[in-house]
Every structure is written in C-alpha cells, then in structure tokens.
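Student: Prediction below, plus the sequence it came from.
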Amino acid sequence: MTMQTTTTQPQAPVAPLRGARRPLGQDEVRITGGFWGRRQGVNGRRTLAHIEAKLESEGWLGNFDLAAAGTLPDGRHGREFADSEVYKYLEALAWEIGRTGDPALDQRFRAVVSRVAAAQEPDGYLNTMFGRSGQGARWSALQWGHELYCLGHLFQAAVARARTRPDADDGLLSIARRAADLVCREFGPDGRDGICGHAEVEVGLAELSRVTGEPRYLEQARVFIERHGRGTLGDIEWGRSYFQDDVPVRDAEVLRGHAVRANYLAAGAADVAVDTDDDALLASLRSQWDRTVARRTYITGGQGSHHQDEAFGEDWELPADRAYSETCAGVGSIMFSWRLLLTDAADDARYGDLIERTLYNVIATSPAPDGCSFFYANTLHQRVPGIPADPDAVSPRASSSMRAPWFEVSCCPPNVARTLASLDAYVATADADGIQLHQYTPAEIRTTLADGRIIAFDVETDYPARGAIRVIHRTDAGAHAPWTLSLRVPAWATGARLRVETADGTEEREVETGMIEVRRAFRSGDVVELDLPMAPRLTAPDARIDAVRGCLAVERGPEVLALESVDLSPSGVEDVGVVALAAGAEPVERDGRVWIDVVRPPEGDAAWPYRDAAGRPAPADRASVPLVAYHEWAERGPSTMRVWIPVA
C-alpha cells in the first residue's frame, strides 16, 4: 500500500497527515442538486433554525449565559451532555457557512460563539454541569459526566470553522485551544490516569492537532486511546465493554458495547494510527470493521441491536423488531468507514458501499421531509402503529414510535445536521494519479493534483431514481498528461456497464464490482458514463441471523425497501405482520414504484400458536402490493412496517 503525506488541509471534517487518498473538501466539491442536494437545502433552510430554537427554548444555550453570570447551578436545564449539542450545532453551522457563504448564518454562528466564550473559565475549563459551588467537582464523574465528550465536540466545531473560515475573528479556535491545553495538563502522562466514559475527545483532539500543528493534542488523543481496556472505568451491569474499557483497542476483535461510543473511539483510533504511523493499530481496526460489518450490522447499515444499553449485540444478533440502530451510531459508522477508506486503496469500495448504505437508509431516514422532526432509533419492524409526537413536547429517545421534534437526549438532530452540511466532503478523493468518485450525486468537482494538473468535471445523475452517472469533463488541462478517474461499482451492481465518449469515438464494456479505472488524457467534453442496474432484487439473510430466518428483503440500488400498512389498507389488511411473500414472488417496477406479491393467511387466531410441522395452512389470497423506500416510511401517518418479510 502506498501512503502519501498530505501537505495541505482540505475544507473537510477529516484531514489525515498521510493516506492512500486525499479527501476533496467543500472548496473542491459542490453538490448541485438531486437526492442529497435537496436534503442539504432543507437542512440549511429548516433544520438548523429548528435546532437553534430548541436549544434556546429548552435552556441548553441559556446554560452558558448562566455560567457567565455566575448563577449556576440554579436554572440549569438539560442532561449532563447538553453542552455538546450546542457544539454540534456550531459545527453544522460552520460547514453550512462554508458550503453556502450565508452571511445570516455567519451572524448566528458568531452570536452563539460569544455566549460560549463568556462561559469559559480563565484556565480554559468549559462545562456548564461541573466545577462550581453546588455542582460536582471538575473531572469527578468521568464515567458518566461527559466533560471530555463535550469538549471533543467543541474541538470538532472549531476545526470546522478553522477549515471553512480560517481568517474568522470569532475566537472559537482560541476557545478550543485553551480547553485542549487544559486537557493535556490534566490528563497527560503525568496527570490524571483517566478516560471519558463516552469516546469523542479522541477524534476532536486528533483533528485539532491537524488544524493547529500542535503535536501535544495528537499525543493526548493517543494516550486516551491506549488507556481504554485497562478497566479504568467502573464495572456496570452491561460490563465494561459498554465503554470499550474491557479490552485494549488494538487487541479487540470487533466493535462492541455502546454503538456510538464504539464507532467514535474507532474513528479516533484510526486518526491516531494514521498520524503516528502505527500500522499495527490500523490493521487491527480494519479487522474489527470487517467482522462488525459481516456479523453485527443491519441490512440498512444500522448498528446496535440492544435498546437497554444502545449497544451492539453478539455476532448474528440482529432482530428486526428490536433494532435500535441509533441515528448517531450511523453517523459514527460513516466517520469510521471514511477514515479507513482514506487509508486503504485496496478496499475503498467496501468502505464506500457501507457509507452509501448508511447514508440512504439511516441518515436519510431520521429527518422528516420538512427537516423538523427525527427518528432517534431506526427499527426494521414496527409491530403497532406509531403515535404522533406532540410538536411542543420533548420525547423520550427510544420510546418515540414516530419522528419527534426534540428529545430529552437530542444528540441525533445536530448529528444529522452536521453530516448533511459537510456531505460534499465525502463524495470524492484524490491521489497522485487522479480522482476517485465514492458517492454519486449531481456535483461540480474542481481540484488540482499534486503535480499541478487542473481537474474539472461535472457529475450529472438522478441517482438513485436511475442508475446512470455521467462524468463530463470541463478542461483540457490534462490533455497531454493522462490521469485516472476511478468510480465505485457497488457490490450489488452486477452487470454494470461503462461507456467512454470522446471525439475519437465511443467505447463500452461491462465492468466488475469494486473500484474501476478509466485512464486517459481527458479533453473538455469527454464523457464517462457508468450505468448501474437498478432493477429491484430480493435479499436473503445469513442463516445464522435467527431473528429473520425464512424472510426476504427487497432492495433497489442503495435503498432498502419496506412494506408499510398504509399500502395494505385497500385490501382490508391493517397489519404487515399478517402477510407473507407469495411463493416464487419477484419484485417488479410499475408506475414508479416497486411491487411484490403477498399472501394473506386464513382469518382468525388459533387457540395455540404452534402446529404440527406436517400440517399446512390453507391457501391464502394473493395480492400485489407496493413497497416504500425505508427512508420514507412513517411519512404518511401512523402505520405498521417491516423490512424483512416471511416467505409463505
């Protein structure tokens, strides 16, 4: 593997010092429309304002004002980690300002930063829950207090601002540096021998080190990573694996415990491994990713099958109706996968595949079309119709059966917001010889390779509605110096075709799945078109996933489809649990939707829910019903829903 040293930092959330790939930032990639462009627009116009209004009305922003006034703890609102939601909101704002240059958003950003700055202590300490008379002492509750976790999100917000507006005079980077300096003094090799119960500070410190060039921040991230697995935190009913404090990170075999914590820690460990040249740690993280994807990930890309501890289950423990699949775990999974993609040219298509699956079926599922209500958890089987959330109330996180405007623990709305605002930076990468396209969306891509060659092309596509992706070159700069355009062919896209149209003629061929390459001296007007087969397909689970054995799911392109009771109502059936796929049924596209034949068993319940295996139920009525994209479920009111459908 060739690992290159990066000399410039992109306008992107992740900027490793070396790697097989260099991420192209917002200043090099601009999403111009389509599926993700529409969602970015809603995020910028509606979601950010909604989040700020809730932070204000719930008092979480006001906590900083109380801290500055010296009146805490009286009047403090929210959980111990409420500060972090303000920082994630600032990060989302920073990326959105970088994307659009909106002066009104910039004004809002500065106003919030000034309130945060006023709450910072002279030595750099910044938290509204601890450290004052009547509150717990600083660093006295590392297991559950989230002090370092909150600072990690502060650091990521400062990184976003520094990379999008390096000349800004709002002071956020200085706030972050003073806090990071304090963390290094308190928790360095000669300081407190502790870690945070919720990983996140590691990611923030590593990226802050990259932005500032301060090696102490990277070293502190490394120290925190190495301290995991020593039993530093107390044991709890779910075990120390909940905090990833049961096994050293480099000795772990799979992601385990709380799914968000696990992914954040793995992402931070990847940052440390890359920037310290720790290839053994990086190899271990790749192996952990492999097993987690193969045995502990839902068909949607969601992760976490336990409600009680928001955690991964054991291998193959993936019940559809108990899927927790927290939205934030999806964000964390993308963070981890993207970092591995940047380091490994051999497997980057696999990482890109999981990122795509998670984007379409977790990230896109959480927000409502208006961007003002969200799923916290993402079940794959809703057994009873959901209850609409009170628009003026704060909902319990996992108990909300439909999208809700805000939660007692509202980590997911700002996490979705920062992901969508920075999504341009997850589309493409570059290396010394060319450009790699990992996600497909209408976009303008303009960048310069290390040797000075200017690359300019547009991507035109209606993906995932249709599978044609056209790359149209807009410059002759590379006409006398060939370079390589690489495109990801998803693992499901068997039979994909590639067409290259130039002034010299047209070439067309079928291509294998994985990353494919087109190398030539491109001229303005040359077109490279990838045509992905988008016919709906049936997907069977591994037989070891007991909870859905004997069931099938329907997918189309990157989208998982679902059967929703709204579409069964015309036949008089209200519950998706009483129908099954007809034997031999195949999904077909008709009238812009995917349809599948189902059968309905005989009416009535038996006195005993078991029967002789030799007995067969009477033939049932057969009907064709439409499916809905999973990310669109529950948009038409309360319903039952399932992704995995039993076969009759």
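Tutor: Nice, thanks for sending it over.

Student: Number of residues surrounding Asp277?
Tutor: 11 (other CB atoms under 10 Å). C-beta coordinates here come from the backbone N, C-alpha and C atoms, glycine included.

Student: The one 3 residues further on now?
Tutor: Residue crowding around Ala280 was assessed by other CB under 10 Å; the count is 9.

Student: got the contact list for the nearest residue to it once chain neighbours are set aside?
Tutor: Nearest non-adjacent residue to Ala280, counting by CB to CB, 6 or more residues apart in numbering: Arg250, 6.5 Å away. Shown in contact with Arg250 (CB atoms under 8 Å, 6 or more residues apart in numbering): 280-281, 284.

Student: of all these, which comes closest to Gln120?
Tutor: Leu281 (33.4 Å; CB to CB).

Student: isn't Leu485 right next to Phe522, touching?
Tutor: Yes - using CB atoms under 8 Å, Leu485 is in contact with Phe522, at 7.4 Å.

Student: The two: who's more crowded?
Tutor: Looking at Leu485 and Phe522 with other CB under 10 Å, you find the greater number of neighbours at Phe522, namely 28 against 21.

Student: Could you grab the helix/strand/coil label for Leu265?
Tutor: Counting by DSSP: H, G, I helix; E, B strand; the rest coil, the backbone at Leu265 sits in helix.

Student: Number of residues surrounding it?
Tutor: Using other CB under 10 Å, Leu265 has 31 neighbouring residues.

Student: now do Ala613
Tutor: Residues lying near Ala613 (other CB under 10 Å) number 6.

Student: Name the residues contacting each of Leu485 and Phe522.
Tutor: Phe457.

Student: ok, back up a step: show me which of the contacts of Arg250 is closest to Arg138.
Tutor: Leu281 (30.4 Å).

Student: Once you drop chain neighbours, what's closest to that closest one?
Tutor: Ala273 (4.1 Å).

Student: Distance of the one you found relative to Pro10?
Tutor: With distances taken as CB to CB, to the nearest Å, Ala273 is found 20 Å from Pro10.

Student: who's more crowded, the two?
Tutor: Between Ala273 and Pro10, counting by other CB under 10 Å, Ala273 is the more crowded of the two (27 against 21).

Student: That one: which element?
Tutor: Taking DSSP states H and E as the criterion, Ala273 maps to helix 259-275.

Student: Following element in sequence after that helix, please.
Tutor: Later in the chain than helix 259-275, the nearest helix or strand by DSSP H and E is helix 279-295.

Student: Show residues contacting that next one.
Tutor: With CB under 8 Å, 6+ apart as the criterion, helix 279-295 contacts 249-255, 266, 269-270, 272-274, 303, 312, 315-316, 336-337, 340, 343-344, 347, 350-351, 354.

Student: ChimeraX command to pick out the buried ones of those residues?
Tutor: Selection of the buried residues among the contacts of helix 279-295 in ChimeraX, burial being defined by 16 or more other CB atoms under 10 Å:
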select :249,250,252,254,255,266,269,270,272,273,274,303,312,316,336,337,340,343,344,347,350,351,354
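
Student: Let's see which of the contacts of helix 279-295 end up in helices.
Tutor: Residues of these located in helices (DSSP state H): 266, 269-270, 272-274, 336-337, 340, 343, 350-351, 354.

Student: need those in JSON lines with pLDDT and distance to Ala491, can you?
Tutor: JSON lines is the format used below for the ones in helices among the contacts of helix 279-295 (pLDDT from 0 to 100; distance: CB to CB, whole Å):
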{"residue": "Ala266", "pLDDT": "98", "distance to Ala491": "22"}
{"residue": "Ala269", "pLDDT": "98", "distance to Ala491": "26"}
{"residue": "Ala270", "pLDDT": "98", "distance to Ala491": "22"}
{"residue": "Val272", "pLDDT": "98", "distance to Ala491": "30"}
{"residue": "Ala273", "pLDDT": "98", "distance to Ala491": "26"}
{"residue": "Val274", "pLDDT": "97", "distance to Ala491": "25"}
{"residue": "Phe336", "pLDDT": "98", "distance to Ala491": "19"}
{"residue": "Ser337", "pLDDT": "98", "distance to Ala491": "14"}
{"residue": "Leu340", "pLDDT": "97", "distance to Ala491": "16"}
{"residue": "Thr343", "pLDDT": "94", "distance to Ala491": "20"}
{"residue": "Arg350", "pLDDT": "97", "distance to Ala491": "8"}
{"residue": "Tyr351", "pLDDT": "97", "distance to Ala491": "12"}
{"residue": "Leu354", "pLDDT": "98", "distance to Ala491": "10"}
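
Student: of those, closest to Glu564?
Tutor: Out of the ones in helices among the contacts of helix 279-295, the member with the shortest distance to Glu564 (by CB to CB) is Leu354, at 25.3 Å.

Student: wait, the closest one sits on Gly301?
Tutor: Yes - judged on CB under 8 Å, Leu354 makes contact with Gly301 at a distance of 6.0 Å.
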